[in-house]
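Colleague: just the structure for this:
(one chain, ligands or ions: 2)
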Amino acid sequence: MSASPAPILITGASQRIGLYCAERLLDEGQPVIATFRHERPGLARLRERGVPTLQADFADEAGILAFIERLKEHTDRLRAIVHNASEWLGEATPGEEARIFQRLFNVHMLAPYLINLHCAELLERSSPADIVHIGDDVTRKGSAQHIAYSASKAGLDNLTLSFAARLAPRVKVNGIAPALILFKPQDDTEYRARTLAKSALGIEPGAEAVYLGLRYLLDNPYVTGTTLTVNGGRHLK
Ligand SMILES: NC(=O)C1=CN([C@@H]2O[C@H](COP(=O)(O)OP(=O)(O)OC[C@H]3O[C@@H](n4cnc5c(N)ncnc54)[C@H](OP(=O)(O)O)[C@@H]3O)[C@@H](O)[C@H]2O)C=CC1
Ligand SMILES: Nc1nc2c(c(=O)[nH]1)N=C([C@H](O)[C@@H](O)CO)CN2
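Modeller: Residues are numbered from 1 along each chain as shown. Ligands and ions are numbered 1, 2, ... in the order given. Presented below is the predicted three-dimensional model:
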């Protein structure tokens, strides 16, 4: 029996929420394996702390399966998988709709689906074991500006239910559905004010709000098939 704890895999952990959660887990002595698509400055901080950083593009099946093969070269067990990788794309480019639709479904649904199926055995060598899908509160009502994005995140919510049923009792499977957590640097004042007004609490909480949800799901032995809403009371407005 290995003395060191099994690692937690976080996808899309080179920046923002994924990077933040990776560093908070490391601070607590939890080993992490991180995936990234493009090289970014935050990866150096993870590498300095001994985190294997695996380049992976989940835009198609070949990229997903190639990642799974490389992951298994790095570990034979996992404490948890956090499916965080995501693109927030709208229907902005005429003629590009089908390509964007496919890309969003691949990163938000095909990647979690294939990684969960192919890596369940790694999770089952750890106890407790968890899968956490990072979704989006927008699935509650859909989005006129991000139709394919919202639909693909709704599909991810359904994967939570199916995998929770399939992998119980050895693996818990849950989701976190955030609304605004972090603005992007390019978001202008008007957009920020308009977005903050959409929730009852009216704040930009930062990545800690998602990490606290992740911590709860990892620590609670009696929660599975659940999606935590972390939306500042957006449903109340
Ligand atoms: N930020 C927010 O306010 C909210 C976030 N969420 C959800 O929370 C999670 C984290 O959000 P946030 O930190 O803002 O996410 P980001 O937009 O920063 O994306 C996270 C990472 O996903 C990676 N990624 C994108 N496409 C692919 C792909 N095809 N294959 C592999 N990796 C890919 C990106 O890589 P690269 O560096 O190459 O771009 C990026 O670093 C996401 O699932 C998001 O949908 C939900 C609601 C609100
Ligand atoms: N992959 C991403 N998904 C989402 C992001 C993001 O930056 N990356 N941002 C949002 C917005 O904050 C939205 O919740 C409020 O306008 C949604 N999803």
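Colleague: so what's the residue most central in space within the chain closest to, chain neighbours aside?
Modeller: With distances taken as Cα atoms, centre = their mean, residue 84 lies nearest the centre of the chain, 1.7 Å away. What sits nearest to residue 84 in space, not counting adjacent residues and going by Cβ to Cβ, 6 or more residues apart in numbering, is residue 18, at 4.2 Å. (Glycine included, C-beta is placed from N, CA and C.)
Colleague: in the chain, which helix has the most residues?
Modeller: helix 147-167 (DSSP state H).
Colleague: what's that one packed up against?
Modeller: helix 97-105, helix 111-123, strand 130-134, strand 172-178 (3 or more Cβ pairs under 8 Å, 6 or more residues apart in numbering; DSSP states H and E).
Colleague: among those, which comes closest to ligand 2?
Modeller: The closest of these to ligand 2 is strand 172-178. By Cβ to the nearest ligand atom, the value is 6.8 Å.
Colleague: quick one: is that closest one near ligand 2?
Modeller: No - Strand 172-178 stays out of contact with ligand 2 when judged by Cβ under 6 Å from any ligand atom, the minimum separation being 6.8 Å.
Colleague: when you give positions from now on, start the count at 10
Modeller: In the new count, where the first residue is 10, that last one comes out as strand 181-187.
Colleague: show me which residues of the chain sit near ligand 2.
Modeller: 95-97, 145, 188-189, 193, 204.
Colleague: mind checking if stretch 95-112 is in reach of ligand 1?
Modeller: Yes - using Cβ under 6 Å from any ligand atom, stretch 95-112 reaches ligand 1 at 95-97.
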